[in-house]
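In: What would the 3D arrangement of this be:
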Amino acid sequence: MSPIIDSKVPQTLEELWAGYDPSAEPLDVKVIRQWDEVLAGKKIKLQMLTFRVGTFKGKESRIAAYFGWPLDARGKLPGLVQIHGGGQRASKVPVLVDAANGYASLSINWLGHKLDDQKPEDAGTDWGALDPTQKRVSHYSSFKPDEFTLDSVPSPRNNNWFILTLTARRALTFLTQQPMVDAGRLGVYGHSMGGHITTLVTGVDPRIKAAAPSCGGGGAPPKKIVDRPGSSPGFVHTDPMLLAMIDEVQALKNVKVPILYWGPHNDFNAPLDTLMHNWAVIPDHSNVHFSVSPHLNHRHVPESDAAEVRFFNAFLKGEGKIPATPDLQVSLKTENGIPLATVRPDMPAEVRSVQIYYSINPNALTRFWRSATIHKVGDAWQAELPVMSTSMSLFVIANVLYAMPEGSVSMPRGASCAPEYLVSSWERMFDPADLQAAGVQATDSPERLVIADAGSWRDGFEFGRNQPPHHEARTRKLTDPKWRGPVGATLAFDVRDPEGGDLNLNFEINQWSVYPGLKKGSYYATAPLKASPDWQTVSFSLSDIKPLPTKNPEDIKTMPPLVSWQGITELAIVPSLPDKPGKWPDTRSIRNIRWVGGDYSEPVLMPGGKLTGKEFQRLFQNNIDDSIRLEDQDRAKVSK
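Out: I've put the predicted structure just below:
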C-alpha cells in the first residue's frame with residue numbers, strides 16, 4: 001500500500017477502501033509450530049504462525065496468530081476470525097472452542113503481546129514501519145502523521161482503526177486460502193476493541209457472512225443521547241473525518257449480513273443506549289440480533305455465550321433457525337397511568353422464559369434495571385412498569401430464553417454450552433416529555449427491602465461463587481430512588497455463617513461522575529460474624545463507612561465522610577479489604593438486605609453530572625483493567 005503524497009486524502013468510507021484488494025499481496029505464511037490438542041472429545045490441529053499484513057513504507061508488517069481446525073472434519077469447514085480486546089493477546093482457547101464446534105478458526109495477535117506458546121526465539125507480531133497498537137492510544141482518534149503512520153499528511157489511513165480493519169481483512173484472506181475452509185462461509189467476532197474492529201470490517205468486506213461483535217461496535221453517541229439530561233455519555237467525538245470514515249456508524253450503514261451484538265446492560269465500551277440508537281441504521285433489521293446480559297459490565301452470562309455459538313451455527317453451518325429479535329412494544333397511554341410493556345417473541349412455542357427489564361436512570365453505565373412482574377397473555381408476555389417520577393426517562397428491554405441444542409461448547413473453558421441461550425429485543429427509550437404527554441402517573445413508592453436472597457443475587461452480578469477468596473456480589477440497585485437509603489437509616493443484613501469471619505462491604509460513590517457536586521470515591525465497612533448455625537443480624541450506619549485505603553495514603557485525607565446514603569452507585573459484598581485478606585465461605589448465607597429506621601424526607605438525588613474527556617479516559621482504562629483482572633481469574637479457575 002503506497003503512502004499518499006499529493007494530499008488528496010479520502011473523504012468517505014467508500015473512498016477510503018477504493019482500490020484496496022485484501023488478496024493481492026501474498027500472505028507469505030510461516031508456520032512456527034504445530035501440534036494436536038483434544039477438547040470436548042474432538043482432536044484438533046493447532047498452528048502458531050505469522051503472515052504478512054502488508055508492505056508499508058517499504059517494510060513488511062507481520063502478525064502472529066493461532067489457527068486450528070478439527071481433524072475429523074468431512075468436507076470443507078466454515079471459517080471464523082477471532083479478534084482479541086485491548087490489553088489482551090491472541091489465544092488458542094477460542095480457537096480450540098471454535099474447532100470443537102466444527103470451525104476452522106484464526107485468532108490474530110494485533111496488540112503484539114507475547115503469545116502463551118511463544119518461545120524467545122519465535123517470531124511474533126512485528127508491525128515494521130507502523131504501530132497501530134495501544135502504545136499509541138492517541139491514534140485511535142487521530143489522523144495526524146508521525147513516524148509510525150502510513151501517510152505523511154493528515155489522513156484517515158493514519159488512524160489505528162484503519163490499519164486494524166485492514167489486518168482483519170487480511171485474516172479473512174488467510175482463511176480463504178486454507179484447503180479445509182469454505183470461503184463462502186466466513187464469520188468474524190471479537191471482544192471490546194475486537195468488537196469495534198469486528199463491526200468496522202463487517203461494513204467493508206463482502207466476504208463476511210455473519211458477524212458477532214462483543215462489548216464493542218456501538219459508535220459515537222448521537223446528539224439525542226448527548227443532550228439527554230443525566231446521560232453523561234462521556235467523551236464525544238466531533239472530528240468530521242473520524243465520523244465519516246472511522247466511526248462504526250458508517251460501517252453499520254453497510255452491514256448486509258446477520259449480525260449479533262452480545263454484551264451486557266451496563267457496558268462502558270458500548271453503552272446500550274448509544275448502541276441501540278446507532279444500530280437502527282442497519283438497512284435490514286431482520287439481520288439484527290441482540291443478546292444482552294443482565295446487570296453486567298463488559299462480560300456475559302453463560303446464556304449469552306451460548307447465543308454466540310447458536311448464532312454462528314445457524315448462519316454459517318445451517319443448523320436450525322435462530323429466533324428473530326423479539327418484538328417489544330411499550331404503551332404509555334393506559335387507563336391506570338402505568339406504562340405497559342408487551343413482548344411477542346419469535347417461535348413462541350419454543351420459549352423457555354421471558355424477562356422484561358426497565359429503568360428510569362438516564363445514565364447507561366450506572367443504571368439499575370428493574371425486573372418487571374410478567375403475565376403471559378396468549379403468545380405474548382406483558383408487564384406493568386410503575387415509575388416513581390415522570391421527570392426521568394424510561395428505558396425498557398426484554399430478554400427471551402430458548403433451549404440450546406446439545407453438542408456445542410463455549411468460552412471460557414470449553415465446557416458444554418448453557419442449556420438455554422438468550423436473545424434480546426431492541427431497547428425502547430422514552431424521554432420525560434413522552435411520559436408527561438401520555439399522562440403517565442408516578443405510582444411507585446420507596447421500598448426498604450433491597451435484596452431478599454443474596455444466594456440468588458438476581459438484581460446484580462456475581463463473580464467467583466466457588467472461589468471463596470474471590471467471591472463477590474455487586475448491585476447498582478441503590479441508584480434507583482425506590483431503594484435509596486432513607487435519612488438516618490441503617491443498612492441491615494441477616495447472615496448465617498458456621499465458620500465466622502468478617503462481612504466486608506464496598507461502596508462505590510458517584511461512579512462515572514453521574515451526580516453533580518458529589519465527590520466520587522470508594523468506601524468500605526466491615527463487621528465481625530460469630531461462628532454460628534443460627535441467623536444473626538449485622539447493621540451498618542453511615543459512621544461505620546470509611547474511605548477505602550489506596551496506594552497513596554494521602555488520598556484518604558481528601559475523602560469526606562459519608563453524610564447521606566444517596567450517591568451510592570454500586571454496593572458490593574467482597575471477600576477481602578486492602579491489607580486485610582479474607583474470604584466469602586461457601587457455607588455463608590445472606591438474606592434480607594434492608595433499610596431499618598430513618599425517613600424519606602431527603603429529596604432524591606438525580607443524575608446530571610458531566611465527564612471531561614480526560615476523566616472519561618481514566619475511568620475507561622480502569623474498567624479495562626478490571627475486565628482483564630476478572631478474565632485472569634476465569635483463566636486461573638480453568639487451570640486448576
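In: make it CA atoms for all contacts and neighbour counts henceforth
Out: Noted.
In: pretty sure Thr443 contacts Glu384?
Out: No - the pair Thr443 / Glu384 is not scored as a contact, 11.1 Å apart, by CA atoms under 8 Å.
In: Overlap of the contact sets of these two?
Out: By CA atoms under 8 Å, 6 or more residues apart in numbering, Thr443 and Glu384 have these common neighbours: Ile338.
In: Would you tell me what the next helix or strand after the lengthiest strand in the chain is?
Out: Identified as the longest strand of the chain according to DSSP state E is strand 42-56. Going down the chain from strand 42-56, the next helix or strand is strand 59-70, by DSSP states H and E.
In: Could I get the buried residue list for that next one?
Out: By neighbour count on 16 or more other CA atoms under 10 Å, the buried set for strand 59-70 is Glu60, Ser61, Arg62, Ile63, Ala64, Ala65, Tyr66, Phe67, Gly68, Trp69, Pro70.
In: Could you do stretch 277-288 as well?
Out: Neighbour-count burial for stretch 277-288 [16+ other CA under 10 Å]: His277, Asn278, Trp279, Val281, Ile282, Asn287, Val288.
In: do stretch 369-379 as well
Out: Quick answer for stretch 369-379 (16+ other CA under 10 Å): Trp369, Arg370, Ser371, Ala372, Ile374.
In: what's the nearest residue to the last one if we skip its chain neighbours?
Out: Taking CA to CA, 6 or more residues apart in numbering as the measure, Ile374 lies nearest to Ala383, with 4.7 Å between them; neighbours along the chain are not counted.
In: can I assume Pro560 sits in a helix?
Out: No - read with DSSP: H, G, I helix; E, B strand; the rest coil, Pro560 is coil and lies in no helix.
In: So Arg367 sits against Tyr358, correct?
Out: No - using CA under 8 Å, Arg367 is not in contact with Tyr358; the gap is 9.6 Å.
In: Which pLDDT value goes with Thr443?
Out: Note on Thr443: pLDDT of 96.
In: Likewise for Val514?
Out: So Val514 comes in at 88 (pLDDT).
In: burial measure for it, as a count.
Out: 26 (other CA atoms under 10 Å).
In: again, but for the one 10 residues further on
Out: Using other CA under 10 Å as the criterion, Tyr524 is surrounded by 21 other residues.
In: and if you look at Pro213?
Out: With other CA under 10 Å as criterion, Pro213 counts 29.
In: check contacts around it.
Out: Counting by CA under 8 Å, 6+ apart, Pro213 has contacts 189-192, 194-196, 198-199, 259-262.
In: Just flag the most distant two among those residues.
Out: Ser192 and Ile259 (15.7 Å; CA to CA).
In: who has more neighbours, the two?
Out: Ile259 (28 against 25).
In: Any figure for the gap between the more buried one and Phe312?
Out: Separation of Ile259 from Phe312 (CA to CA, to the nearest Å): 10 Å.
In: Overlap in contacts, those two.
Out: In contact with both Ile259 and Phe312: Ala210, using CA under 8 Å, 6+ apart.
In: Partner strands of the longest strand of the chain and their direction?
Out: strand 30-39 (antiparallel), strand 59-70 (antiparallel) (DSSP bridges).
In: Now do stretch 274-289: everything it contacts.
Out: 217-222, 225, 249, 252-261, 324-325, 423-424, 426-427.
In: so for it, what's the average pLDDT?
Out: 98.
In: how far does that stretch stretch from start to finish?
Out: Stretch 274-289: ends 16 Å apart by CA to CA.
In: Domains in the chain, by residue range?
Out: 327-437, 449-599 (automatic domain parsing).
In: Measure how far the first one is from the centre of its chain, please.
Out: Averaging C-alpha positions (CA atoms, centre = their mean, to the nearest Å) puts domain 327-437 18 Å from its chain's average.
In: do the same with stretch 110-125
Out: 27 Å.
In: Endpoints of that stretch, how far apart?
Out: Stretch 110-125 end-to-end distance (CA to CA) = 7 Å.
In: Identify each buried residue in that stretch, please.
Out: Buried-residue list, stretch 110-125, by 16+ other CA under 10 Å: Trp110, Leu111, Gly112, His113, Lys114, Leu115, Ala123, Gly124, Thr125.
In: can I get those in JSON lines with pLDDT and secondary structure?
Out: Listed next are those as JSON lines, based on pLDDT from 0 to 100; DSSP: H, G, I helix; E, B strand; the rest coil:
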{"residue": "Trp110", "pLDDT": "98", "secondary structure": "coil"}
{"residue": "Leu111", "pLDDT": "96", "secondary structure": "coil"}
{"residue": "Gly112", "pLDDT": "96", "secondary structure": "coil"}
{"residue": "His113", "pLDDT": "96", "secondary structure": "coil"}
{"residue": "Lys114", "pLDDT": "96", "secondary structure": "coil"}
{"residue": "Leu115", "pLDDT": "97", "secondary structure": "coil"}
{"residue": "Ala123", "pLDDT": "97", "secondary structure": "coil"}
{"residue": "Gly124", "pLDDT": "97", "secondary structure": "coil"}
{"residue": "Thr125", "pLDDT": "98", "secondary structure": "coil"}
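In: Thr443 and Glu384: which has the busier surroundings?
Out: Glu384 (20 against 14).
In: quick one: pLDDT of the more buried one?
Out: Looking at Glu384, the pLDDT reads 98.
In: can you pull out the helices in the stretch 51-200 of the chain?
Out: Under the criterion DSSP state H, counting those that start in this stretch, helices of the stretch 51-200 of the chain are mapped to 92-100, 160-176, 193-202.
In: Compare these and report which one is nearest to Tyr402.
Out: Using CA to CA, those put helix 92-100 closest to Tyr402, at 21.5 Å.
In: Kindly calculate the angle that the closest one makes with strand 30-39.
Out: Interaxial angle of helix 92-100 relative to strand 30-39 (axes from the mean of the first three to the mean of the last three CA atoms, to 10 degrees): 70 degrees.
In: Quick one: mean pLDDT for helix 92-100?
Out: 96.
In: starting at the chain centroid, how far to it?
Out: Using CA atoms, centre = their mean, the offset of helix 92-100 from its chain centre is 21 Å.
In: Mind listing residues that contact it?
Out: Against helix 92-100 from outside (CA under 8 Å, 6+ apart): 39-40, 42-44, 46, 66-70, 80, 82, 104-107, 408-414.
In: any low-confidence regions in the stretch 501-640 of the chain?
Out: Applying pLDDT under 70 to the stretch 501-640 of the chain flags residues 554, 608-640.
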